[in-house]
Structure formats: structure tokens, C-alpha cells
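Chemist: Sequence plus predicted model, see below.
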Amino acid sequence: MKKVKGLIYAAVCVVMALAFSACSQLTEAVKTLVISADKTVAAPGQTVTFDAKLVGGNETETVANAVYGIVSGEEFAAIDGNVLTIAETATTGDKIVVKATSDKLTSNEIEIEVSLPLTGIEISANGVSTVEAGDVIVLGKVLTPETADINPSEIQWQIVEGNDICVINSDMLLVNKTAATGSVITVKAVYREIESNALTFTVGYPVTSVQISAVSYEIVKGNSTMLKAEVAPENATEKNNVTWTVLSGEEYAEVVSNSLVVKDDALTGATITLKATVGGVESNTLTFTVKATQYEVQYEENKSKFMINVSEENITLDKNATSSPVLEVRLYNYNFERVTDKEITYTVIEGSDYLGVEADGYKCSFKLLGHGKAVVRVGIVGSEVTHDVNVNVVVPPDAVTLPEVFTERAGLAYSFSKVNPTTQAVETLPFVAGVAGEKVCSDLKYSFINENGDSGDSVAEWNDGRITFKQTGKITVLVSSDSGSRVET
């Protein structure tokens, strides 16, 4: 009986061993293809690398021959081997699903989401650069790209300079009412490692309005007109920082030093518009019309064979200038072709006492003879076509001479009573200065300085050869020429 039991026990052990072996073989046969990715969120242009493994029981085996494919979202990406490349045209929120196959096994699916990273921040304040104590300035932000996948609340404002005179709250810069004039505020926006441009504000008196005007609104080709900007308030900090902008007709004109200069080849009748900006405030708009030059008008009126064009219509010659202008002439025929084989004449038809000319073909230089205005007529030998040029000749005196009574006693101080002690009538001092030199400007300016520091008409006035003193004390009389020269006598 014991022997039978032993046989039965041995048989059971054999059956259990066979069953265990079968289970072990079954477990080893069940393996799963599993893929993973180095990232599940990617930006346009970025790549995602996948890795495939066979997982079964406690064993993991790398699969090198896995074939990857896009299940959905193929319009947003392309896959090559185990590398997925996100298309540049993909946008935030686009999704791509990838899976792999190997030896009839299909892997799990992995979803890759497209996210646009922030690359830049541009901030602005609508052109405002001057603020007043107590002002509230709205700050704006432009993100690059605009659809960047970020939480806007993570963008932080930073006050780089002036944090003791301002705060920023909800995209608004609040300037303290106690901020001192001349104080500087600098701000920027920061998102993680990305910083925006910096905005700098100066505490002062902001511009409230800008009104512009011009001397002339019809401008001859090659000529210019002065522009004027009236800025309010009068004490605006950026009053003199005027930016001119040509809105239309920029191919015909440009602004140079507060003047609108029309090009020589501008189209007759063309319209030019412009505006000005001061401290972020825009002005009204001005409109100008291009007029034909004098020679073009003459051509139309007279149907002449030739047309004369000069380098300058109005010339100023200053004895004290570092250089003298030269009049240049261009001659055109009926077909607007340049003519260079005609004899040009230059004649002083007015002011020959003040100006002489020296002709050199299509150029003419000048000789200053005296102070005054002259007119030079440009002509063509054998033609009745002429062109007049105005010349202002500036010759200051060699010296300013004082009345003889004072020059005879040079270096002395003179006493004069402004009121007649007997009659109490106001007394005036005869005082007529002169000029030295031939054909020089005789216009003089009289100015007065009191030893107490006062000056101008509050000290004394000169009228009709006599000085009326308004103050007492030691008063110095200064006499200078008023010719308009670069250097007055």
C-alpha cells in the first residue's frame, strides 16, 4: 500500500512539473510591442524620436526593425524611420498620432501635440515717451508668434529704472503724483528667459496737440517751403522733437531741416501730403501742389525753342561767407534734350553798383561790389528767351564809428541826466553812429547794458538819432551792423 502511494505522489509531481513547464513556455511566448517618444509636445520644425521595445514577463528587448507610421495628423508632420518632423505650417493644438509594427505585432499609439513656443516680445506705449506726474499709460505687448502657446499671466512687467516713482498694474503704468520733472522710467516685459525691448519715459510735460503750417502750399520744382509746428502746451518737454512724415508723393519731395524740398524732376501738378508727430501726438495733414518752373511756364507761353533752368532762383552773397555760390545754367531744346553748344549771356539788369558777373560758359561766378540787391538776367545768344535770378549782396561795414564827441575822449565814462533838473522834462542824448567802408550796409543796431545786469529796451531806446535812458547807472551802448552777414561788424 505504501508503495502505491509513493507511485501516486511521484505521478502527481510529474504532472505538476509538466504543467509548470507549459505555463512557463506560454508566458515567454506572449510579448508586447511598446513604443515611447523623447517628447510628446513639439514645436513646428522640431523632431520627435521614437524607440520600440518588446516587453514580455520580466524581459525587455530593443526592436531595431520596427516600422513607424502616422495614424492621424499626417498633414502636420512627416516620419522617416523613427524620427517624426513637425511641419513648419503646423499650429498650436494640432495633433499627430504615431504607432509601430514589427513581426505582425502592433504597438501602442502615442499622441504628439504641436505647441508654438514664444520667441519674442515687443512692447509699446502708443508712441508716448514723455509722461506727467500722475499719468496712467497703457502698455501694449505683441508676441512672436502671435499664437504662441503660453499663459499670458506668466509674462511679467519689470521696472528697470524708476521703481520708486511708478508701478505697473494690469498693463498700465501708473506714475506717482510726486514724481519729479526730469525723472526717468524704464520698463520691459519678461517671460522666462525671453526679454522684450525696453521703453523709456521721461517725466515732464507731455504734448497735447500739434498744429502744422507752411509758408507756401504751391512749390516750384527744385524749390522748398518752410514748415512750422505749433506744439501745445508751450512748455511741452518734447516740443522741439518734431518728426515729419511724407504721407503721399514721397517720390517727388522730402523733408530736410523743417523744409519740404521738391525734387527737380517732380511731376507738375503732383500732390504731396505730410504730417508731423511730436511726443506721440499727430498733427493735422498739409497738402502741397508741385508747380512748373519758370522756364517751363515760359516754354508753354512763348513756345520758345529753348528753355533755361538755373541752379538757384534766389542767391545770397555774403562777404564773410567761407565760399561763394556759382550760378549754373542748363539749357534744353523743344524736345527736352540737353543743349551744350549755345552761348549763354549774363547781364546785371538791376543793382550793377553792387554786383559784377564773370561768365564761364554754362556757369557764372559773382564779384561783390557793394551792399544791396541785384538781378542777373540769363540769356541765349540769338534767342529772346531769358531767365532772371535775384541776388542779395551782403557787405557789412569795415567798422562802426561812434559820434566824434565820444571817440575824441575814448576810454572815459560820461555823465548824463535823464531828467532836466529844472523843468523835470525827459532829456535825450544825441547819438548817431556811422559806418566805414564804401558801398557797405549802413543799417545799425543799438543795444544797451546796465552795470546792474539789465539789458535791452528796459534800459534805453534809440530813435531818430537820440537815446532815451529809462534807467540810471553806468550804461554801455553797443552799436553793431545789421547787414545779415554771417559775421556782423
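Modeler: Structure received. Numbering: from 1, shown residues only.
Chemist: Give the full set of residues in contact with the spatially closest residue to Val381 that is not a sequence neighbour.
Modeler: The spatially closest residue to Val381, leaving aside those adjacent along the chain, is Glu343, at 4.1 Å (Cβ to Cβ, 6 or more residues apart in numbering). (Glycine included, C-beta is placed from N, CA and C.) Counting by Cβ atoms under 8 Å, 6 or more residues apart in numbering, Glu343 makes contact with 380-382.
Chemist: Please identify, among those residues, the one with the most neighbours.
Modeler: Within the contacts of Glu343, neighbour counts (other Cβ atoms under 10 Å) peak at Ile380, which reaches 21 neighbours.
Chemist: what separates it from Thr293, distance-wise?
Modeler: 16 Å (Cβ to Cβ, to the nearest Å).
Chemist: repeat for Cys166
Modeler: For Cys166, the distance to Thr293 under the criterion Cβ to Cβ works out to 56 Å.
Chemist: ditto for Ser36
Modeler: Relative to Thr293, Ser36 is positioned 80 Å away (criterion: Cβ to Cβ).
Chemist: Between these two, which is the more surrounded one?
Modeler: Neighbours per residue, other Cβ under 10 Å: of Ser36 and Thr293, the larger number sits with Thr293, 22 against 13.
Chemist: distance between the ends of stretch 213-223?
Modeler: Counting by Cα to Cα, to the nearest Å, the length from the leading to the trailing residue of stretch 213-223 is 17 Å.
Chemist: what does stretch 339-347 give?
Modeler: Counting by Cα to Cα, you get 21 Å between the two ends of stretch 339-347.
Chemist: If you average pLDDT per helix and strand, which one of the protein comes out bottom?
Modeler: Across the helices and strands of the chain, mean confidence by mean pLDDT, DSSP states H and E is lowest for helix 2-29: a mean of 45.
Chemist: Name the strands paired with the very next helix or strand once past it and say parallel or antiparallel.
Modeler: Secondary structure here is assigned by DSSP states H and E; on that basis, the next helix or strand after helix 2-29 toward the C-terminus is strand 32-37. Note on strand 32-37: by DSSP bridges, its sheet partners are strand 47-56 (antiparallel).
Chemist: If you average the pLDDT over the strand it pairs with, what comes out?
Modeler: Along strand 47-56, the predicted local confidence has a mean pLDDT of 95.
Chemist: Give me the contact list for the helix or strand following it.
Modeler: Beyond strand 47-56 in the direction of the C-terminus, DSSP H and E gives the next helix or strand as strand 59-62. Outside strand 59-62, the residues that touch it by Cβ under 8 Å, 6+ apart are 31, 51-55.
Chemist: would CSV of the contacts of Glu343 with distance to Lys221 and secondary structure be doable?
Modeler: As requested, these are arranged in CSV below (distance: Cβ to Cβ, whole Å; DSSP: H, G, I helix; E, B strand; the rest coil):
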residue, distance to Lys221, secondary structure
Ile380, 21, strand
Val381, 26, coil
Gly382, 27, coil
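Chemist: ok, those vs Phe448, which is closest?
Modeler: Comparing these against Phe448 with Cβ to Cβ picks out Ile380 as the nearest, at 54.9 Å.
Chemist: Ala198 versus Asp171, what's the distance?
Modeler: Distance, Asp171 to Ala198, using Cβ to Cβ: 16 Å.
Chemist: cool, Ala77 as well?
Modeler: 38 Å.
Chemist: Please apply the same query to Val440.
Modeler: The separation that Val440 has from Ala198, given Cβ to Cβ, amounts to 58 Å.
Chemist: higher neighbour count, the two?
Modeler: The neighbour count for Val440 versus Ala198, taken as other Cβ under 10 Å, is higher for Val440 (20 against 13).
Chemist: Verify the stated contact: that one with Leu369.
Modeler: No. Taking Cβ atoms under 8 Å as the contact criterion, Val440 and Leu369 are not neighbours in contact, 10.9 Å apart.
Chemist: Just the endpoints, please. Distance across stretch 86-94?
Modeler: With Cα to Cα as the measure, stretch 86-94 spans 10 Å from end to end.
Chemist: buried set for that stretch?
Modeler: Neighbour-count burial for stretch 86-94 flags 86-87, 90, 92, 94 (criterion: 16 or more other Cβ atoms under 10 Å).
Chemist: same question, stretch 341-348
Modeler: 344, 346, 348.
Chemist: tell me the mean pLDDT over that stretch?
Modeler: For stretch 341-348, the mean pLDDT works out to 94.
Chemist: Widest-spaced pair of the contacts of strand 59-62?
Modeler: For these, the maximum inter-member distance is 16.1 Å, found between Lys31 and Asp51 (Cβ to Cβ).
Chemist: Comparing the two, which residue is more hemmed in?
Modeler: Set side by side, Lys31 and Asp51 give different neighbour counts by other Cβ under 10 Å, the larger being at Lys31 (17 against 14).
Chemist: And for that one, nearest residue in space, chain neighbours not counted?
Modeler: Gly56 (3.4 Å).
Chemist: ok, that neighbour to Ser36 distance?
Modeler: Distance, Gly56 to Ser36, by Cβ to Cβ: 17 Å.
Chemist: With Glu132 instead?
Modeler: For Glu132 relative to Ser36 (Cβ to Cβ), the value is 60 Å.
Chemist: Could you do Glu113 as well?
Modeler: In this view, Glu113 and Ser36 are 16 Å apart by Cβ to Cβ.
Chemist: cool, Asn258 as well?
Modeler: Taken as Cβ to Cβ, the spacing of Asn258 relative to Ser36 amounts to 69 Å.
Chemist: mind listing what Glu451 touches?
Modeler: Applying Cβ under 8 Å, 6+ apart, the residues contacting Glu451 are 473-476.
Chemist: just the buried members of the residues you listed?
Modeler: By neighbour count, with 16+ other Cβ under 10 Å, the contacts of Glu451 hold Ile475 as buried.
Chemist: among the contacts of Glu451, which are in strands?
Modeler: In this view, those that belong to strands under DSSP state E are 475-476.
Chemist: where do the helices sit along the chain?
Modeler: Remark: helices of the chain, listed N- to C-terminal, are 2-29, 294-302, 404-407; assignment by DSSP state H.
Chemist: give me every residue that touches Tyr346.
Modeler: With Cβ under 8 Å, 6+ apart, Tyr346 has these contacts: 327, 357, 359, 364, 376-379.
Chemist: Show the low-confidence segments of the stretch 101-250 of the chain, by residue range.
Modeler: For the stretch 101-250 of the chain, applying pLDDT under 70 flags no range at all.
Chemist: returning to that earlier point: from the contacts of Tyr346, which single one is nearest Leu429?
Modeler: Top of the list for closeness to Leu429, among the contacts of Tyr346 and by Cβ to Cβ, is Val376 at 44.3 Å.
Chemist: What distance do you get for the nearest residue to that closest one once chain neighbours are set aside to Thr119?
Modeler: In space, and not counting its chain neighbours, Val376 is closest to Val389: 4.8 Å by Cβ to Cβ, 6+ apart. According to Cβ to Cβ, Val389 stands 60 Å off from Thr119.
Chemist: Out of those two, name the residue with the larger neighbour count.
Modeler: Val389 (21 against 11).
Chemist: Now do that one, the pLDDT please.
Modeler: Val389 is assigned 94 on the pLDDT scale.
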